[in-house]
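J.: Let me see the structure of the following:
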Amino acid sequence: MTALRAHFAVDASKQFAAQMGKLAVKPPVMRILQAEELG
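T.: Numbering: from 1, shown residues only. Predicted structure coming up:
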């Protein structure tokens, strides 16, 4: 989660997300998933 917070703290990342939101037909929904190795 630390890396994700750091990524979205970068101005360019925020600007990119804002621009993509403007192009979307409906408001974006972000889901954060955690995966783990099974074997």
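
J.: which residues of this protein score low on pLDDT?
T.: Scanning the chain with the threshold set as pLDDT under 70 gives no residue ranges.

J.: Just give me the residue closest to the centre of it.
T.: Centroid check for the chain by CA atoms, centre = their mean gives Met30 as the closest residue, at 6.4 Å.

J.: what about the longest helix in this structure?
T.: Longest helix in the chain by number of residues (criterion: DSSP state H): helix 11-23.

J.: same for that helix, what does it pack against?
T.: Using 3 or more CB pairs under 8 Å, 6 or more residues apart in numbering; DSSP states H and E, the elements in contact with helix 11-23 are helix 2-9. No exception for glycine: its C-beta is placed from N, CA and C like everyone else's.

J.: Export only the CA atoms of the helix it packs on, formatted as CSV.
T.: Only the C-alpha atoms of helix 2-9 are listed here, as CSV (Å, rounded to 0.1, in the frame of the first residue of the first chain):
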residue,chain,number,x,y,z
THR,A,2,3.0,2.3,0.6
ALA,A,3,4.0,2.1,-3.0
LEU,A,4,0.5,2.9,-4.2
ARG,A,5,0.3,5.9,-2.0
ALA,A,6,3.7,7.1,-3.2
HIS,A,7,2.6,6.6,-6.8
PHE,A,8,-0.6,8.7,-6.4
ALA,A,9,1.4,11.4,-4.5
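
J.: Return the distance of that helix from the chain's centre.
T.: From the chain centre to the centre of helix 2-9 is a distance of 9 Å (CA atoms, centre = their mean, to the nearest Å).

J.: Run through who's touching that helix.
T.: The contact list for helix 2-9 (CB atoms under 8 Å, 6 or more residues apart in numbering) reads Ser13, Lys14, Ala17, Ile32.
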